[in-house]
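# Sequence first, then the predicted structure:
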Amino acid sequence: TEKCREYHDFLHYRRECTFCTGACIAIERKKFEKVGGFDEDLVLVSNDLEFGVRLREAGYRNLYLPDVKLTHKEKATRREGGESEGEAYAARMLGGKMSAGDEYFNVYLDRYLDVPTPDPYPVRAMLTGSPTFSRALVRRILLVKLDHIGDNVIALPAVRKIRALFPDARLDILCAPWLKNFWSAQPEIDNVFTYEYFTERSQNGVSADEERLKTLLSELKKQRYDLSVHLRRHEETKFIAEQAADYCLAYSGNADYDEIAFPVPAFTDKFLRDPKWSMRDQLVSLAGWLDGEPSLDAPIQVPPETREKMRAYAAGIPQFSAPVVVGIHAGAGGDFRQWGARKFARLCNILFEKTDACVVLFGGKNEEPINKEIMEQVRDPSRIISVAGHGSLLDFCELVRYVDYFVGNNSGPKHIAGIQGVPTLSIDGISDEQEWSAPGAVHMTVRKVMNCCPCPYFLKEQCAKNGICLALLDAGDVWRGLERLMLLYPKKTEEKNG
């Protein structure tokens, strides 16, 4: 109780809740009788929960009153045992009503503790579709090239590549004063800013003036650049590019911990004896990260006979004709990557409770057992079917296009669904969601935010945290991500697959 008071004085606020504990409930008799009173089959546990849910369904509110005090001697008048049987019965009676979690419980609190405590590993849902970079949104670009004459000449091919990628954008450059005329004469550049960071003679080092630098940064921020590109492999002047725009692309000596938007691992050059890429190619390669060409994510092509075969196959399965079809792949290349059959079954039950969707379970022959386990736990078997082991890889590439949404672990089928244009939700645990996002424009990931991700291990037994990244990710968490995906990308009304 004292710990509950410590968290924002939690116990002293009058508030609505899903149900009130049976130890102390006050309700008008007519309301009690209207909803049928307590379920007498729930003798020991969960009768207050089930009763509270029915009250809310009847249009009433359950209110917690902090100023009411009562001393309750727990289990003083009842026999021991029976809790597990009662909880199981209540779960069956409630159906999917509580599967998505308690709507009054903040999702950023730890649901596994008895007192309100911020979750140290909160859930995050993130849109991570490709390409990562959308060229259409970039209208103003600043190139930072505070370097010497030869370095600027070497950068010309990269500048031309950037101009080719953004033909309609404003393209400015920040260079040394002695190179202003050089860049002003290049047709790719719209405006030239100057600042002397290095001396004109390279052996004399840095000559940066701090007051002039402050003025420069203030001036650059007024330009409201969408993107800055630091056209230098070494990082002395990267801080200027980082502060000049909302997003910055640059080479980084420690890309994993760099705070800029798009850090690219730099080529090492110290004590390197083997031949390496020329600096010209390195800068062109940096510019290439801005390509983001959507046409490269075109769907996988399949033979015409495969398309016709899968069209006929889907037409013969009633679940493919449902108002909404959700494809699920519960398998993965390793057990450590799998969310688990029980949780996928709970997700299906939430879908059936809250939508009119049907579910199609995909997978190879070796994944038929996990699909069977899911189907045994769903409450409406008529709305789910497994097609695991049916057909070839190309057959799946075509068949997956007949679903409206796809949910899966970080595995191959997720990537296929994404590149085939299906709005895809990825359940990520040990992998970084941005690095391993599915190709395609519509991809969302849901995961626990862990300070140990990406995980260096492949087996759960190696994990010091016992795989809680997936173990503590609940069906309600994944449902909220899927619901958001459905709201952002409603089902298309035209005929599936053209």
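Structure's in. What do you need?

# which residue ranges form the helices in the stretch 251-400 of the chain?
Secondary structure of the stretch 251-400 of the chain (DSSP state H, counting those that start in this stretch): helices at 279-288, 304-315, 341-354, 368-377, 393-399.

# Next, format the ones you listed as CSV and append distance to Pro456, mean neighbour count and mean pLDDT.
In short, each C-beta sits where N, CA and C put it, glycine included. Converted to CSV, these look like this (distance: least, C-beta to C-beta, whole Å; neighbours: other C-beta atoms under 10 Å; pLDDT from 0 to 100):
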stretch, distance to Pro456, mean neighbour count, mean pLDDT
helix 279-288, 27, 18, 89
helix 304-315, 39, 14, 96
helix 341-354, 24, 22, 93
helix 368-377, 26, 17, 95
helix 393-399, 30, 20, 96
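
# from memory Ala36 sits against Arg54, does it?
Careful, residue 36 is Gly and not Ala. Yes: with contact defined as C-beta atoms under 8 Å, Gly36 and Arg54 form a contacting pair (7.2 Å).

# pLDDT weak spots in the stretch 1-150 of the chain?
1-7, 78-100, 130-133 (pLDDT under 70).

# Show me where it has its helices.
Secondary structure of the stretch 1-150 of the chain, counting by DSSP H, counting those that start in this stretch: helices at 2-6, 29-34, 47-57, 83-94, 149-165.

# list the helices and strands the longest strand anywhere in the chain packs on?
Under DSSP state E, the strand in the chain containing the largest number of residues is strand 245-252. Helices and strands in packing contact with strand 245-252 are listed as strand 225-230, helix 238-244, strand 262-265, helix 279-288; criterion 3 or more C-beta pairs under 8 Å, 6 or more residues apart in numbering; DSSP states H and E.

# Sort out which residues of the shortest one are buried, please.
Right, the one you point to is strand 262-265. Neighbour-count burial for strand 262-265 flags 262-264 (criterion: 16 or more other C-beta atoms under 10 Å).

# Relative to Gly52, how far out is the residue lying closest to Gly364 once chain neighbours are set aside?
Counting by C-beta to C-beta, 6 or more residues apart in numbering, the nearest residue to Gly364 once its immediate chain neighbours are dropped is Gly389, at 6.1 Å. For Gly389, the distance to Gly52 under the criterion C-beta to C-beta, to the nearest Å works out to 44 Å.

# Looking at those two, which has the bigger crowd around it?
Neighbour count, other C-beta atoms under 10 Å: between Gly389 and Gly52, Gly52 has more, with 19 against 13.

# My guess is the more buried one contacts Leu63. True?
No: in this structure, Gly52 is not within contact of Leu63 by C-beta under 8 Å, at 10.8 Å.

# Overlap in contacts, these two.
Counting by C-beta atoms under 8 Å, 6 or more residues apart in numbering, the residues touching both Gly52 and Leu63 are 17, 20.

# ok, the closest residue to Pro157 other than its chain neighbours to Val123 distance?
The shortest distance from Pro157 to any non-neighbouring residue, by C-beta to C-beta, 6+ apart, is to Val284 (5.3 Å). For Val284, the distance to Val123 under the criterion C-beta to C-beta works out to 40 Å.

# what do you get for Arg224?
As for Arg224, its distance to Val123 is 34 Å (criterion: C-beta to C-beta).

# out of these two, which sits in the more crowded spot?
With other C-beta under 10 Å as the criterion, Arg224 and Val123 differ in neighbour count, and Val123 comes out ahead with 19 against 11.

# Look at the residue lying closest to that one once chain neighbours are set aside and give its secondary structure.
Among residues not flanking Val123 along the chain, Asp477 sits closest, at 4.6 Å (C-beta to C-beta, 6+ apart). Here Asp477 takes the helix state, with states given by DSSP: H, G, I helix; E, B strand; the rest coil.

# if I look at Arg447, how far off is Met126?
Arg447 sits at a distance of 8 Å from Met126 (criterion: C-beta to C-beta).

# ok, Gly36 - contacts?
Applying C-beta under 8 Å, 6+ apart, the residues near Gly36 are Arg54.

# got the contact list for the residue nearest to Pro157?
Val284 neighbours (C-beta under 8 Å, 6+ apart): 157-158, 161.

# Run a quick neighbour tally on Gln420.
Each residue near Gln420 was counted by other C-beta under 10 Å, and the total is 25.

# Model confidence for it, exactly?
The model reports Gln420 with a pLDDT of 94.

# and if you look at Trp339?
pLDDT, read off for Trp339, is 92.

# which non-adjacent residue is nearest it?
By the measure of C-beta to C-beta, 6+ apart, the closest residue to Trp339 outside its immediate chain neighbours is Ile427, 4.9 Å from it.

# Hmm, Leu249 is touching Gly292, no?
No: contact criterion C-beta under 8 Å: Leu249 and Gly292 do not qualify, at 11.4 Å.

# out of the two, which sits in the more crowded spot?
Between Leu249 and Gly292, counted using other C-beta under 10 Å, the more crowded position is Leu249 (23 against 17).

# before we move on, back to that, output the helices and strands packed on strand 245-252 in CSV; the columns should cover distance to Tyr313.
Formatted as CSV, the entries for the helices and strands packed on strand 245-252 read as follows, by distance: least, C-beta to C-beta, whole Å:
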stretch, distance to Tyr313
strand 225-230, 46
helix 238-244, 53
strand 262-265, 43
helix 279-288, 41
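
# closest to Ile370 out of those?
The closest approach between Ile370 and any of those, judged by C-beta to C-beta, belongs to strand 262-265 at 37.3 Å.

# which other residues reach the closest one?
Strand 262-265 is contacted by residues 132-133, 247-252, 255, 286, 289 when judged by C-beta under 8 Å, 6+ apart.
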